[in-house]
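Visitor: Quick check, what structure comes out for this input:
(chains A and B)
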Amino acid sequence: MALNEDDKAELVAYLDGELDEVATQAVEAKIASDPDARAELDALRLTWGMLDFLPKASPSPNFTNRTMERLTLEDMPASKTMPMPKPVPGWMIGVSWAAVVLLAVGGGYWASTYFWSSPEQYGCSSMRAKSTSSDVLVHLAIFSDAQVLHQRHVGVRY
Amino acid sequence: MQKQELTAVVQQALDTLNERQRIAVVLNKFEDMNYAEIAEVMGLTTKAVKSLLSRARENLRLALQDYIQMDKRATNRR
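Guide: Below is the predicted model:
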């Protein structure tokens, strides 16, 4: 009787000693009653035995040293094996320089307006800082003089 | 047949297996691992290993069929 895949798998497992007691008895019963199963079992056993002709691989004498060296390298901290950073693209350098120039120009402008036109520089900080209507009255004489000067210069009467 | 020739023939038969079958055969035959251990190493179920080894051994049987017949005839003659 032809063997199916499951039958063959059972025969192989039987040869490998991987079957439980019940399955082992079932296979043995089949072998006893089925010549095809018996022939298949013999062929599988012989095939497996032929693998003994393959040479056993033996590692080279320095295999252990090489393996340990490789493991040591793989265990090294990431900083020692970290790749070089990628180069910065040209456009990013341009943008950075533009930002620096803008900051310099803006900072310069702010500094010039803050320091050079500061009232303190001309000694009239109190007038500029506290220029309210009451101050105008206090310094009315100065304002009047200025008005007269302006009228003379422009030729206008108020 | 010389042992060297036979070694080459068996090696060729082993090369006909796919990678998973070959690994399972090597672990079972040469590392003496049982199905559960092979299943753990290969990340498979025990049932899958059983099926894998069955197909592998069937393929080996087919590849080595002629040599097995020769061996049988030689045995019968003795």
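Visitor: For chain B, what lies in contact range of chain A?
Guide: By CB under 8 Å from any CB of the partner chain, the residues of chain B that approach chain A are B:3, B:6-7, B:10-11, B:13-14, B:25, B:28-30, B:34-35, B:50-51, B:53-54, B:57-58, B:60-61, B:64-65, B:67-68, B:71-72. C-beta here means a position set from N, CA and C on the backbone, and glycine is covered the same way.
Visitor: For the residue of chain B found nearest chain A, give me the pLDDT.
Guide: Among the residues of chain B, B:Ser54 lies closest to chain A, at 3.8 Å counting by CB to the nearest CB. pLDDT recorded at B:Ser54 is 95.
Visitor: Kindly report the same for A:Leu46.
Guide: Value for A:Leu46, per-residue pLDDT: 91.
Visitor: Please pick the buried ones from the residues of chain B next to chain A.
Guide: When the residues of chain B next to chain A are checked for burial by 16 or more other CB atoms under 10 Å in any protein chain shown, the buried set is B:6, B:10, B:13-14, B:25, B:28-29, B:35, B:50-51, B:53-54, B:57-58, B:60-61, B:64, B:67-68, B:71.
Visitor: just for chain A, where's the confidence low?
Guide: Within chain A, the ranges that satisfy pLDDT under 70 run A:1, A:56-64, A:67-68, A:70-85, A:116-144, A:149, A:153, A:155-158.
Visitor: Number of residues surrounding the residue of chain A at minimum distance from chain B?
Guide: Going by CB to the nearest CB, chain B is nearest to A:Ala9 of chain A, at 3.8 Å. A count of nearby residues for A:Ala9, using other CB atoms under 10 Å in any protein chain shown, gives 21.
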